[in-house]
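Undergrad: generate coordinates for the sequence data below:
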Amino acid sequence: MRRHTFFIATILLIAAYPAFPQQFRIAGTVVDSVSGAPLDGTEVEIAPVANLDEAQIFVTASNGQFTFRNLAIGKYRLRATRPGYTSQALDEHESFSTAITVGPRLDSEHIRFTLSRDSVLAGTVSGDFGDPVRDASIFLFQRKLFSGARAMHFVARAATDDLGNYRFAHLHAGTYTVAVYAKPWYANPGPLVDYGLVDSRVIGVDGPDLPESIGLERLATQHANLVPNVAYPILFYPTASNLETAAPLSLAPGTTLNADFSLHAVPAIRLLVKVPPDTSQARQFTERSTSDQPTDSDQTEYLQLPSQSLEASLKLPGVDDFNLGTIPDPHLPDTYEVFGVPPGEISLSVASQENGQARTQTKTVQVSSDGQVDLVFHGSLVSVTGEIPGNKISGSGGGEDRDSDPSLIQFNSVDGLNSYSASIDAKGQFNLSIPAGQYRVEFSAESRLFVNSVESKDANISAHTVMLASAPVKLVVHLARADCTVTGTALKNGQPFAGAMILLVPEDPSQNAARFHRDQSDSDGTFTVSPVLPGRYTLLALEHGWDLEWSSLSVLFQYLPNGVPITLKPSSNASANPKVQ
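TA: Residues are numbered from 1 along each chain as shown. Here you go, the predicted model:
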């Protein structure tokens with residue numbers, strides 16, 4: 001009897017505390033998002049969230065079903081791919097998706113994975129005479145909810161082929177529009193030689209119509225007279241000049257739409273940009289002959305060229321790498337020419353030195369005709385000095401954290417038209433002189449750091465915005481590093497809820513857009529929001545949050561009373577179980 005009792009107790013103990021790892025399964029069916037029909041030939045991939053390199057793939061049969069066996073306890077990301085359908089993760093929203101949690105008493109074998117058919121947007125770009133325009137840049141924008149705001153967002157870029165054709169495939173159903181920018185093949189490409197890099201006395205040119213050698217200026221003049229200085233304006237479909245007035249293109253699942261463009265050249269704008277003089281280093285010189293055919297007796301003169309670097313780019317929403325050509329003007333000191341400029345909005349950025357520190361100034365201008373932009377401020381400038389206390393990242397636990405320290409501090413005007421930045425030295429100090437005005441104090445995006453607070457006895461400060469008048473200002477800027485974690489389980493009617501949008505709302509949502517943090521609850525309702533900036537938050541779980549314009553405060557405020565307050569100190573963790581609203 002004792003032996004029988006001992007045997008039963010042993011069996012119960014093993015069941016409660018298995019000596020060997022338990023094995024679990026993930027299973028489900030892939031179906032068409034419209035018809036609900038099962039999809040065979042679909043590659044379903046799972047990978048542990050903790051190690052996405054350990055992926056497994058299952059190809060569905062005619063019933064659309066998939067099964068992964070012998071899985072260890074943990075969370076797994078699911079992704080499905082099938083020809084003619086858009087590849088996507090399970091219940092994907094923006095960059096978030098629902099992971100499947102496997103373990104005791106968890107259902108991971110009844111997954112319904114819906115896939116949408118590919119949509120295609122294509123077209124042809126032609127020029128003034130109906131000829132195809134090759135190598136035109138095509139920009140694709142999609143109207144969608146992103147970070148709680150519904151608007152057109154840049155999503156992809158393509159180029160036309162030799163026949164002027166372009167094609168965007170594998171698109172999700174939705175509302176899109178496109179824009180095109182191209183250079184006429186026959187247009188004047190701009191100055192032939194960078195005066196600052198080439199000895200400009202003589203340039204050799206091979207060709208039947210040109211002498212063996214010719215003076216650079218004569219060559220440039222002849223080139224400019226023979227080749228038209230024209231440009232194609234940026235065009236939003238079909239003939240709009242900006243994104244706001246572009247025609248929307250609605251793509252249903254599995255459909256193809258054509259959006260053709262006809263471009264017409266206009267005179268290119270000759271834009272001269274006066275940059276601030278750089279007095280911190282020796283001026284650059286280049287030698288120039290006084291005649292087109294130099295001899296040994298020629299006298300030479302020296303041209304002063306700017307040592308600063310000017311960058312110019314077309315201003316397109318969400319596109320920040322579309323640069324125009326710039327070159328120093330050899331006749332005007334501290335002046336650049338921007339060539340091939342189409343009418344529209346142009347962003348200008350000049351880097352220089354001030355008191356031994358790097359300084360960058362950015363300005364946005366609207367251009368419609370030839371002219372000059374003066375980046376030199378002729379009024380009085382406000383001297384701004386500052387420091388980062390302790391020369392380390394807030395919450396780093398002491399000592400220097402040089403790998404994470406920011407390299408630049410930025411002062412961005414509240415009207416969005418001007419931006420100034422200065423380098424931060426090894427002591428955590430910076431200085432620059434900028435025009436009076438109201439500026440947001442921020443760090444470069446590359447540093448992945450944020451301004452926690454700004455202090456000053458010399459200026460009025462609201463949140464991270466400082467008002468500069470005329471007197472010198474000294475600032476103390478405190479940094480914040482995202483090194484906190486918030487975990488929990490989203491609950492609806494007391495039960496775990498999958499697919500909820502988890503939103504951490506900062507204490508002052510009107511002033512701290514960068515402090516919003518999000519996640520999506522997994523199949524067991526759990527979530528992990530990390531990394532998070534220190535501060536005070538309200539934790540929300542929203543059932544239909546992915547369709548909610550929560551960036552609008554009037555929309556957000558109705559959910560805050562039922563949220564969970566969270567306070568995070570540097571390098572801290574918190575856990576809470578919010579109710580799904």
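
Undergrad: which other residues reach the strand or helix carrying residue 431?
TA: If you go by DSSP states H and E, residue 431 is part of strand 429-435. For strand 429-435, contacts defined as Cβ atoms under 8 Å, 6 or more residues apart in numbering pick out 354-355, 357, 359, 377, 379, 381-388, 409, 411, 418, 420-424, 468. For every residue, glycine as well, the C-beta is placed using N, CA and C.

Undergrad: can you select the buried ones from the residues you listed in ChimeraX?
TA: Buried residues among the contacts of strand 429-435 (16 or more other Cβ atoms under 10 Å), as a ChimeraX selection:
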select :354,359,382,383,384,385,386,387,388,409,411,418,420,421,422,423,424,468
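
Undergrad: if we can go back for a sec, in its sheet, what does the strand holding residue 431 sit against?
TA: With DSSP bridges as the test, strand 429-435 is paired with strand 381-387 (antiparallel).

Undergrad: pLDDT below threshold where in the chain?
TA: For the chain, applying pLDDT under 70 flags the ranges 1-22, 188-227, 278-308, 320-322, 353-358, 390-406, 445-448, 511-512.

Undergrad: kindly report the domain assignment for it.
TA: 18-115, 119-189+227-266, 268-374, 381-480, 484-575 (automatic domain parsing).

Undergrad: for those domains, which one sits closest to residue 581?
TA: Taking Cβ to Cβ, domain 484-575 is the member of the domains of the chain nearest to residue 581, at 5.4 Å.

Undergrad: gap between the closest one and the chain center?
TA: In terms of Cα atoms, centre = their mean, to the nearest Å, the centre of domain 484-575 is set 23 Å apart from its chain centre.

Undergrad: distance between the ends of it?
TA: Across domain 484-575, the straight-line distance between its terminal residues is 11 Å, by Cα to Cα, to the nearest Å.

Undergrad: for stretch 440-453, same thing?
TA: Stretch 440-453: ends 11 Å apart by Cα to Cα.

Undergrad: relative to the whole chain's centre, how far out is it?
TA: Here the centre of stretch 440-453 is set off from its chain's centre by 15 Å, with Cα atoms, centre = their mean.

Undergrad: what of stretch 267-279?
TA: For stretch 267-279, the distance to the chain centre is 28 Å (Cα atoms, centre = their mean).

Undergrad: buried residues, the strand holding residue 431. List them.
TA: 430-434.

Undergrad: next: stretch 41-51.
TA: Buried-residue list, stretch 41-51, by 16+ other Cβ under 10 Å: 42-48.

Undergrad: quick check: end-to-end length of that stretch?
TA: Taking Cα to Cα, stretch 41-51 runs 26 Å from one end to the other.

Undergrad: run the chain-centre distance for it.
TA: Going by Cα atoms, centre = their mean, where stretch 41-51 is centred and where its chain is centred differ by 27 Å.

Undergrad: for the strand holding residue 431, C-alpha coordinates in PDB please.
TA: Extracted as PDB, the C-alpha positions of strand 429-435 are listed here (Å, rounded to 0.1, in the frame of the first residue of the first chain):
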ATOM      1  CA  GLN A 429      30.500  72.100 -23.500                       C
ATOM      2  CA  PHE A 430      29.300  74.000 -26.600                       C
ATOM      3  CA  ASN A 431      29.000  77.500 -27.900                       C
ATOM      4  CA  LEU A 432      27.500  79.300 -30.900                       C
ATOM      5  CA  SER A 433      26.100  82.600 -32.000                       C
ATOM      6  CA  ILE A 434      22.600  82.600 -33.600                       C
ATOM      7  CA  PRO A 435      19.900  85.200 -34.300                       C
END
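
Undergrad: hey, where'd the helices end up in the stretch 101-250 of the chain?
TA: With DSSP state H, counting those that start in this stretch, the ranges of helices along the stretch 101-250 of the chain come out as 216-226.

Undergrad: mind listing the strands for it?
TA: Applying DSSP state E, counting those that start in this stretch to the stretch 101-250 of the chain gives strands spanning 111-115, 119-126, 137-146, 149-159, 165-171, 174-181, 203-204, 213-214, 230-231, 235-236, 249-251.

Undergrad: next one: the stretch 301-450 of the chain
TA: Applying DSSP E, counting those that start in this stretch to the stretch 301-450 of the chain gives strands spanning 309-314, 323-328, 335-341, 344-354, 357-367, 371-374, 381-387, 408-413, 418-423, 429-435, 437-443, 450-455.

Undergrad: now swap in the stretch 451-581 of the chain and tell me
TA: With DSSP E, counting those that start in this stretch as the criterion, the stretch 451-581 of the chain has strands spanning 460-462, 465-468, 473-480, 484-489, 491-492, 495-496, 501-506, 517-520, 526-532, 535-542, 564-568, 573-575.

Undergrad: please produce JSON lines containing those strands, extended by distance to residue 317.
TA: Listed next are the strands of the stretch 451-581 of the chain as JSON lines, based on distance: least, Cβ to Cβ, whole Å:
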{"stretch": "strand 460-462", "distance to residue 317": "28"}
{"stretch": "strand 465-468", "distance to residue 317": "24"}
{"stretch": "strand 473-480", "distance to residue 317": "28"}
{"stretch": "strand 484-489", "distance to residue 317": "32"}
{"stretch": "strand 491-492", "distance to residue 317": "37"}
{"stretch": "strand 495-496", "distance to residue 317": "39"}
{"stretch": "strand 501-506", "distance to residue 317": "25"}
{"stretch": "strand 517-520", "distance to residue 317": "22"}
{"stretch": "strand 526-532", "distance to residue 317": "28"}
{"stretch": "strand 535-542", "distance to residue 317": "27"}
{"stretch": "strand 564-568", "distance to residue 317": "33"}
{"stretch": "strand 573-575", "distance to residue 317": "36"}
